[in-house]
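>>> sequence plus the predicted model coming up.
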Amino acid sequence: MRLERIILKSFGCFDRRDFDLSDGVNLIFGPNFSGKSTLVNAIFFTLTGKPIVPKVGLPAMAQSGAASGTAGLIFHNGEQNYQLFRSTQGEVQLRLKEEQGDKWRVLFTGKRSADEDLRKKFHFSYHQLAAATFLREGEIFEFLARQPADRRDVLHALLGIDRLMDVRQRFIDGRRIAKREEKRIQDHQRSMRVTTVKNHREEIERVEAELKHLESQYESLSDSGTETGDTALIAELRQAHERFQKEIDGLIQERASTLRGFTDVNHLRTSIKEIEAATASAGGLDKQRDKLIQGVGSLNSQVQTLTAECETLRQLIDSDHGHCPTCHQPVQQKVIAGILKEKESARATSQKELDAQQKALDEQTANINALRGLRQRHQLMQGKVEQLEQIEKRLTKLQREFDGVASRLGALQPPPAPQTGVRSDAAADPVQVAEQRRQLKYRIDSLRRRLVGLNKEEAVLAHKLQELQRTQGQADQILRTRLSFELACEGIDKTIASLQHTILQPAEKEIQRWLERMDLTRFSQIDLKSQHLLPSLNVEGVERNLLLLSGSEKMMLYLCFKAALSEALGALGFFVFDDPTLHLDPDRRGAMIDFIQQLAEEHQVIVTSNDPEVRAGLPDAHLIETVPENGSS
Amino acid sequence: MSRYTFEPMPSTLENELIEIYEREVEKLIESESRYQSDLGAAEVSTVVQAFRFMLENGPDKVTVQMLYDMINDSSGD
């Protein structure tokens, strides 16, 4: 890239100015406050969009009183000429000069988004320009004052390592996901561990073999069965036959028990009728007995009264005084004796009648009790009759079923066996055959169920095995994924190391080359890596760094460092140094001028200075003179 | 995170960087036994492709999941 013109409008101390630049050395010469640094800032700002002095706001770069300022560059890159303008409000415009004529075509206009296109198109970065292409006033002191961590950040930004670190972090995050996934799959595999696959297979084979054997036995029993082939039914009917027989026997026993004391149910019914007749004829017994009880009571009172009267009359007769003890009247003995006799006669008659009545009452009471007994018996017998009727009904039904079973059994019974020849056991006893078949069937069914269960378990195991294989595939994949991420991370570490080596080592050699060209051979073994860009070197056998050198040596070495770094990063083709000879003694100033001239042999160099010796030392330089306030060239 | 804002890298340097990365990854897979046994040329190619994809698009535009899917899908082939 070769810069051809600086175009300013309301920028810094300039109203509207253009400054042409040439190849080789361009010396911007003028006193203090004449705008030399403004031109350096204008170039930097146009290319990067940022002020060369950090922490200066963009609006502050505009001319005092102007709403906005613009800086622009015309430059040559490759085979093309470009115009690049940038306002202090952040707008960017890039134009390309048409091959025919003097017209400029706008390639893009924009703000922040344009910077990316710009950087990609011209292959430079802010850090490259700041660290390797430009020297701003007082920069070396700021560089030396930087903390190692800051220098490391600069180095990382310069080499693109910070970007690599961001990429590395993404790979680390990816590896974390892969590890998590790997653990999940391993846990899943552990949960599906199968240990009994072989046993199941063997068990299935064993059960299948046994089942085959039993089915064969079952078939052979079927072949040697009865003619009707229905021995199982015969067995079943026999069982029913036996059951019915037992039930019938039980009912007969119950009937006999119920009929105890009677010959049969008819006898029982006759007895019931007799009881009914007896009880019917004894309907008035209770009334008769009540009447007898009243009669006995009345007679008993009468006898007691007569007994008392007789006793009174006897006392009168036995009295000594012949007078009534109550009324004291004289008593006539004979009359009283007559009355006593009548009374005693009446009493005897009443007593007889009482005895007769009492006897009749006792008989009547006995009859009534007997009647009650008969009634109870009647009820009992009536219950028995009902019970017997039920038994008869059940007996009749059972008998009918029993006869049916017996009839079917008779029809199914095999014909009598021949008297000669040998029979198998099964043929000898169909029921036994049926029993054997039943047992075999039970065993076969049981084995079949077992086989179904085993096959199900086998299917589950097969599915598990399939799942295990699938999971193993996943595990292999995730292992490769994790290792890929680890490879990616380690690759970035190696790349960073390689990048530092690739860029810093040539830079170190380039510094050494510049130092030799400037006859500064007492500096050797330059090291930029150990102290993160701060040049460390061997000075006549003693390890020192830039901080420990003299002021002029610092500046010389620092500019060599910039030139070397620029070369190592891919030289842009120009350098801009703001007052590089400041604070240098005459000898060093001369060496610096030599350095600038040597640098200008390969690159465009723009230098600012207010030192007449520098101007005199660079007689062939393209001179841009600036004056305070109204600068001119 | 760096205190410096992310700047897209000039494409020549980017290409150079990718070449360095590819070379380093290949060296690693040849020298490290743990990579040799399980990874091959396909994985190296995917890793380099992912690296290039990240450089071209920037880490902010490439999510971890995108990166994971890219590498995991390739590992399953």
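Arrived safely, thanks for sending. Computed from a predicted model, the values in this text were never measured in an experiment. Numbering: from 1, shown residues only, chains lettered A, B, ... in the order given.

>>> where does the stretch 301-450 of chain A dip in pLDDT?
For the stretch 301-450 of chain A, residues meeting the criterion pLDDT under 70 lie at A:320-331, A:412-429.

>>> got the contact list for the residue in it positioned nearest to chain B?
Closest to chain B within the stretch 301-450 of chain A is A:Arg450: 41.9 Å, counting by CB to the nearest CB. Backbone N, C-alpha and C define where each C-beta goes, glycine included. Applying CB atoms under 8 Å, 6 or more residues apart in numbering or on different chains to A:Arg450 gives the contacts A:Val207.

>>> pretty sure it is in a helix, no?
Yes: counting by DSSP: H, G, I helix; E, B strand; the rest coil, A:Arg450 is part of a helix.

>>> now the helices for chain B?
Shown for chain B, the helices assigned by DSSP state H span residues B:11-31, B:33-36, B:41-57, B:64-76.

>>> what do you get for the stretch 301-450 of chain A?
Assignment of helices within the stretch 301-450 of chain A using DSSP state H, counting those that start in this stretch yields the ranges A:333-412, A:425-428, A:430-517.

>>> ok, the residue of the stretch 301-450 of chain A closest to chain B to A:Ala209 distance?
Plainly put, A:Arg450 is 13 Å away from A:Ala209 if you go by CB to CB, to the nearest Å.

>>> what bridges to A:Gly110?
Beta-bridge partners for A:Gly110, by DSSP bridges, are A:Val92.

>>> so what's the residue count around it?
For A:Gly110, the number of neighbouring residues by other CB atoms under 10 Å in any protein chain shown comes to 15.

>>> next: the one 5 residues further on.
When neighbours are counted by other CB under 10 Å, A:Asp115 registers 20.

>>> nearest residue to it other than its sequence neighbours?
Taking CB to CB, 6 or more residues apart in numbering or on different chains, and ignoring the residues beside it in sequence, A:Asp115 has A:Gly49 as its nearest neighbour in space, at 5.6 Å.

>>> for that neighbour, give me its contacts.
Contacts for A:Gly49 were tallied using CB under 8 Å, 6+ apart; they are A:Arg86, A:Gly90, A:Val92, A:Arg112, A:Asp115.

>>> among these, which one has the most neighbours?
Highest neighbour count within those, by other CB under 10 Å: A:Arg86, with 27 neighbours.

>>> part of a helix, is it?
No: counting by three-state DSSP, A:Arg86 is not found in a helix; it is strand.

>>> thinking A:Gln169 is in contact with B:Pro59, fair?
Yes: here A:Gln169 lies in contact with B:Pro59, judged by CB atoms under 8 Å, at a distance of 7.3 Å.

>>> so between those two, which is more surrounded?
With other CB under 10 Å as the criterion, A:Gln169 and B:Pro59 differ in neighbour count, and B:Pro59 comes out ahead with 19 against 15.

>>> excluding its backbone neighbours, what's nearest that one?
Distances taken as CB to CB, 6+ apart put A:Asp166 closest to B:Pro59, at 4.2 Å, once the chain neighbours are dropped.

>>> any idea how far A:Leu221 lies from A:Gly261?
According to CB to CB, A:Leu221 and A:Gly261 sit 56 Å apart.

>>> compare those two (neighbour count), which wins?
Neighbours were counted for A:Leu221 and for A:Gly261 using other CB under 10 Å; A:Leu221 has more, 18 against 9.

>>> just the element for the more buried one, please.
With elements delineated by DSSP states H and E, A:Leu221 resides in helix A:197-223, which encompasses its position.

>>> same question for A:Glu543.
Secondary structure assignment for A:Glu543, by DSSP H and E: strand A:542-545.

>>> report the buried residues of that strand.
Buried positions in strand A:542-545, judged by neighbour count with 16 or more other CB atoms under 10 Å in any protein chain shown: A:Asn545.

>>> that strand pairs with which strands, parallel or anti?
Here strand A:542-545 has these sheet partners by DSSP bridges: strand A:536-539 (antiparallel).

>>> lowest-confidence entry in the contacts of A:Gly49?
Within the contacts of A:Gly49, A:Arg112 has the lowest pLDDT, namely 62.

>>> so where's chain B uncertain?
Residues of chain B meeting the criterion pLDDT under 70: B:1-13, B:77.

>>> do the same with the stretch 501-633 of chain A
Applying pLDDT under 70 to the stretch 501-633 of chain A picks out residues A:629-633.

>>> ok, which stretches of it are helices?
Secondary structure of the stretch 501-633 of chain A (DSSP H, counting those that start in this stretch): helices at A:551-569, A:586-600, A:612-617.

>>> of those, which is nearest A:Ala132?
Closest approach to A:Ala132 among these is made by helix A:551-569 (3.8 Å; CB to CB).

>>> that closest one packs against which elements?
Applying 3 or more CB pairs under 8 Å, 6 or more residues apart in numbering or on different chains; DSSP states H and E, we find helix A:551-569 packed against strand A:134-135, helix A:139-145, helix A:148-159, helix A:430-517, strand A:574-578, helix A:586-600.

>>> nearest the middle, which residue of chain B would you pick?
Central residue check for chain B by CA atoms, centre = their mean: the C-alpha nearest the mean position is that of B:Phe51, 2.5 Å away.

>>> hang on, that residue packs against A:Arg168?
No: here B:Phe51 lies out of contact with A:Arg168, judged by CB under 8 Å, at a distance of 9.8 Å.

>>> okay, and the common contacts of these two?
Both B:Phe51 and A:Arg168 are contacted by A:Ile492, under the criterion CB under 8 Å, 6+ apart.

>>> ok, longest strand in chain A?
strand A:2-11 (DSSP state E).

>>> tell me how far that strand lies from the chain's centre.
66 Å (CA atoms, centre = their mean, to the nearest Å).

>>> could I get the buried residue list for it?
In strand A:2-11, the ones that count as buried by 16+ other CB under 10 Å are A:Leu3, A:Glu4, A:Ile6, A:Ile7, A:Leu8, A:Lys9, A:Ser10, A:Phe11.

>>> just the pLDDT at the nearest residue to A:Leu547 once chain neighbours are set aside, thanks.
Once its chain neighbours are removed from consideration, A:Leu547 has its nearest residue in A:Leu144; the separation is 5.5 Å (CB to CB, 6+ apart). As summarised for this prediction, A:Leu144 has a pLDDT of 85.
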